[in-house]
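Student: please work out how this folds:
(2 chains)
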Amino acid sequence: MKRTFPSLPLCLLTFLLLSQQCTGIRWLALSQTAQHINKTQHCKTLPGLVSSQAQLCRSNLELMQTIIQAAREVKKVCQKTFTDMRWNCSSIDGPKFLPDLERGTRESAFVYALSAAAISHTIARACTSGDLRLCSCGPIPGEIPEPGYRWGGCADNIHYGLLMGSKFSDAPMKMKKKSGSHANKLMHLHNSEVGRQALRDALVMKCKCHGVSGSCSIRTCWRGLLDLKDIAIDLKTKYLSATKVVHRPMGTRKQLVPKDIDIRPVRENELVYLQSSPDYCMKNDKLGSFGTQDRQCNKTSSGSDSCDLMCCGRGYNPYTERVVERCHCKYHWCCYVTCKKCDKTVEKYVCK
Amino acid sequence: MRKPADEHHFTMETSGMHLVGFWLHVLLLFQLSGLGDSASKDIVCEPITVPMCKGIGYNHTYMPNQFNHDNQDEVGLEVHQFWPLVRIHCSPDLLFFLCSMYTPICLQDYKKPLPPCRSVCERAKRGCSPLMIQYGFEWPERMSCEQLPMLGDTDRLCMDRNSSETTTLSPPFPKPTPKGTPRHRATAKSAPPQKCDRECHCRGPLVPIKKEAHPLHNRVNTGSLPNCALPCHQPYFSQDERTFTTFWIGLWSVLCFVSTFTTVATFLIDMERFKYPERPIIFLAACYLFVSLGYIVRLLAGHERVACEGTGDQQHILYDTTGPALCTLVFLLIYFFGMASSIWWVVLSFTWFLAAGMKWGNEAIAGYSQYFHLAAWLVPSVKSIAVLALSSVDGDPVAGICYVGNQSLEGLRGFVLAPLVVYLFTGSLFLLAGFVSLFRIRSVIKQGGTKTDKLEKLMIRIGLFTVLYTVPATIVVACLVYEQHYRPSWERALACSCPSERQRLGMGPDYAVFMLKYFMCLVVGITSGVWIWSGKTLESWRRFIARYVPCRTRKPPVSASSMYSEASTALTARAGTAPTGTYHKSAPSSHV
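Tutor: Take a look at the predicted model:
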């Protein structure tokens, strides 16, 4: 079906009004930046930055390339993590977001948490790899290792990552001017902190074996971060169990409390949202829903990517696709592999 | 139906043309970003830089490997710890297995892992794990064979040589020409360059025993391969080295013969001069006379006729000989008299101990001479008969003689190494005890007259000779220990590796060790001649010639033939001693 806007002026006015709210993740638009940032003049042309972020850009020019890399990672990891959901992170590019990320929904909670984790994660890794000369390896733990183990290597500098990452990503929510609602700011700050806490939990022990003739007589260990996709999976679990909150007076200040008064207070590692999400079944621009029409689904699955759930009961259309792949590979001494080409017909399904 | 994105795009188009350019730009960015991402994920092939793993069959690898090494420098540090194990060649598959694990193969058009097959791992483990256990290392858990795929698994490819692979043997050594000079040597023909084959089989220059009618069928094996014989000449030595071996052995054996012959002849013309305890030196020299004769027989007859059997490309070293005359003769001369000389050295140290340490007189020691002769001749006889009865005589591919233990480690250890060690140990004990006693009673001897001083000098002289004997004896024992320890690996390398690899890894025996062994076997005979270098020898020969003249004038009728031989000897001796008269006249003080 085809929809038309009532009129251009009204549409433009609505768009401008919406864009005034929650600007916390507009910096994700940096993922589309192609130029290399090596001059302070470039900071003015970057999309999605508020004034304090532009100031950080000018004073930490070397950091910007890492932040751009983080923005790209957020998009890639988010879309990969939500491949099997109706909402699949399609609108994450910015700087002008659709209502699915602007209305304080559950989805925006996930994106804020992932963005905060990603920027700190990428900066910490850049310290370890030497891409950033502003920092170096993380500290050596103070605990004494058990026999056969010793500290070594280069630990991920999570402290510096959290410091600089939060300074950049939280800047929009800490601006003094009264743009955007206070409730939204509190929600975004909370969810960003949840993301950073997930990053702290992702600091694990990594070891390498040493020893004569391949034995593992001694191990050198360091503290390293899990991959961002593992952190995203953890945050997705929190997204599925997020708590709806309201902005309510508590004492002399307003705070976010669960909407259902009987539920326990909000935990520090719990994602929260203010607005319920649509079902994302049908296309609805007002709600930021792309709908699941023409989306691929899995006929044999019983999860969220199954055809029944993905297509919202509307049914699906099968179609066949011819795929040419390598088969009957054989190794020849020494040393090469030869394969044959096999035509294979694959049946796929798309939602009606 | 069109996708929502397309519909959205179409809707935006109605709002203005500039939005179309905006979205196209976004799509382009997506495409570039995608390409960049895919490039960073792909495996990147890099040339192998670890020295140990160059030339194993493929040239490219990728990092990190399964052991989490980030670069090849890190790999090199760890994998090089296996280099001693690779060099000892406990398994022909070890090097390829290690490198395929540490520097995995990287193919441009095949991105799945391609590890070594389980069979490669098991072969390497079977060959090397026992050796590692000897040095206190277990087979590493991270290289356990169970985790590797099986050969032929269609889902998981792996690397191993094909079972149907066939290899061609190198051409064997050409047949030596039987005519011409007796010392004609076979010229070695270098094998044509070929791909290095690491499978174990009876390849050239080894001699496969194919016919069941062959006398060696099911009776010999080389490097654990049944029905595989060693060739006539040592395969590890070049033709130049073989020629030099003949010269080397000839030089020392002729010198030994001349020296010991002179010593024995001097003893025969004046037996009373050499009393116990020095008399065993004469018998020791006599033994070396016959040992050198054994080597000279080999020189005259030739390497092939003494130590080899078969013809053409089937010619091989003698195994468990059934009694060719030349082989048996050379064996008896070298082994029997060689062992007898060792026992005479023990007798010498014992008699010296009695005289120097226990102050026995020569008459008392001579009273037991029949026991000395019994031990010195009977023990080697029993051993030689045992070797012949067990058919343990075999050919030496280096020297071209027949001996025991060349093709059997048990024979080498039981009939050669063990007796030599026992004799060396026993004689050294007597020497040590004698020297201790000699120092203890030194003050008593000093109180005597001139005769005592002379006796002490003689004792020290005999002791010195006996001690000096231990040097070549110890060296021979060391050479034999070296040979018996490494020979299995030399044979295994012949069967399991190609010539270029053997040369590169330095497998094979040390040529100098063998040359040293043959020299040390004969040097005692050469130096034993020093014993008779004195004025007494000239006096002995002069008296011998003087005794001949009265016999001639007497003319006994019953010894007519002996008179003729004595006359011949007198003529030779007279001509040789012509300068002696001059010396005698110029030194009249020696008579005083």
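Student: going by C-alpha atoms from here, please, whenever you check contacts or count neighbours.
Tutor: Noted.
Student: for chain B, which segments are assigned as strands?
Tutor: B:46-47, B:60-61, B:207-208, B:221-222, B:225-226, B:228-229, B:308-309, B:316-317, B:393-395, B:402-404 (DSSP state E).
Student: lowest-confidence stretch among those?
Tutor: Mean pLDDT values for the strands of chain B show the minimum at strand B:221-222, a mean of 75.
Student: thinking again about what came up before, with mean neighbour count as added columns, please give the strands of chain B in CSV.
Tutor: Formatted as CSV, the strands of chain B follow (neighbours: other CA atoms under 10 Å in any protein chain shown):
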stretch, mean neighbour count
strand B:46-47, 14
strand B:60-61, 20
strand B:207-208, 22
strand B:221-222, 21
strand B:225-226, 16
strand B:228-229, 26
strand B:308-309, 22
strand B:316-317, 26
strand B:393-395, 29
strand B:402-404, 29
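Student: out of the ones you listed, flag the one nearest chain A.
Tutor: Proximity to chain A (CA to the nearest CA) singles out strand B:60-61 among those, at 10.6 Å.
Student: need the strands of chain B in TSV with distance to B:L429, can you?
Tutor: Formatted as TSV, the strands of chain B follow (distance: least, CA to CA, whole Å):
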stretch	distance to B:L429
strand B:46-47	63
strand B:60-61	62
strand B:207-208	46
strand B:221-222	40
strand B:225-226	44
strand B:228-229	42
strand B:308-309	41
strand B:316-317	39
strand B:393-395	32
strand B:402-404	28
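Student: quick one, what contacts whatever residue of the stretch 51-200 of chain A ends up closest to chain B?
Tutor: Minimum separation of the stretch 51-200 of chain A from chain B (CA to the nearest CA) falls at A:R72, amounting to 8.2 Å. Contacts here follow CA atoms under 8 Å, 6 or more residues apart in numbering or on different chains; on that basis A:R72 touches A:L28, A:L30, A:S31, A:Q32.
Student: which element is it on?
Tutor: For A:R72, the enclosing helix or strand under DSSP states H and E is helix A:61-81.
Student: in contact with the residue nearest the centre of chain A, which residues?
Tutor: In chain A, the residue lying closest to the centroid (CA atoms, centre = their mean) is A:L114, at 3.5 Å. Counting by CA under 8 Å, 6+ apart, A:L114 touches A:V74, A:C78, A:S192, A:G195, A:A232, A:L235.
Student: for the last one, give me the pLDDT.
Tutor: With respect to pLDDT, A:L235 has a value of 94.
Student: measure A:S241 to chain B for me?
Tutor: A:S241 is 29 Å from chain B, where distance means CA to the nearest CA, to the nearest Å.
Student: ok, how many other residues are close to that residue?
Tutor: 13 (other CA atoms under 10 Å in any protein chain shown).
Student: again with the one 10 residues further on
Tutor: Other residues lying near A:G251 total 7 when counted by other CA under 10 Å.
Student: list the contacts for A:C57?
Tutor: A:C57 sits next to A:T40, A:C43, A:L63, A:M64 when contact means CA under 8 Å, 6+ apart.
Student: how does it look with 10 Å?
Tutor: A:37, A:39-44, A:46, A:49, A:51, A:63-65, A:67, A:168 (CA atoms under 10 Å, 6 or more residues apart in numbering or on different chains).
Student: what about it, which helix or strand?
Tutor: Judged by DSSP H and E, A:C57 forms part of helix A:51-59.
Student: buried residues, that helix. List them.
Tutor: Using 16 or more other CA atoms under 10 Å in any protein chain shown as the test for burial, helix A:51-59 gives A:Q53, A:A54, A:Q55, A:L56, A:C57, A:R58.
Student: check the closest residue to A:Y316 other than its chain neighbours and give its pLDDT.
Tutor: Nearest non-adjacent residue to A:Y316, counting by CA to CA, 6 or more residues apart in numbering or on different chains: A:C351, 4.2 Å away. At A:C351, the model reports a pLDDT of 92.
Student: alright, calling it a day.
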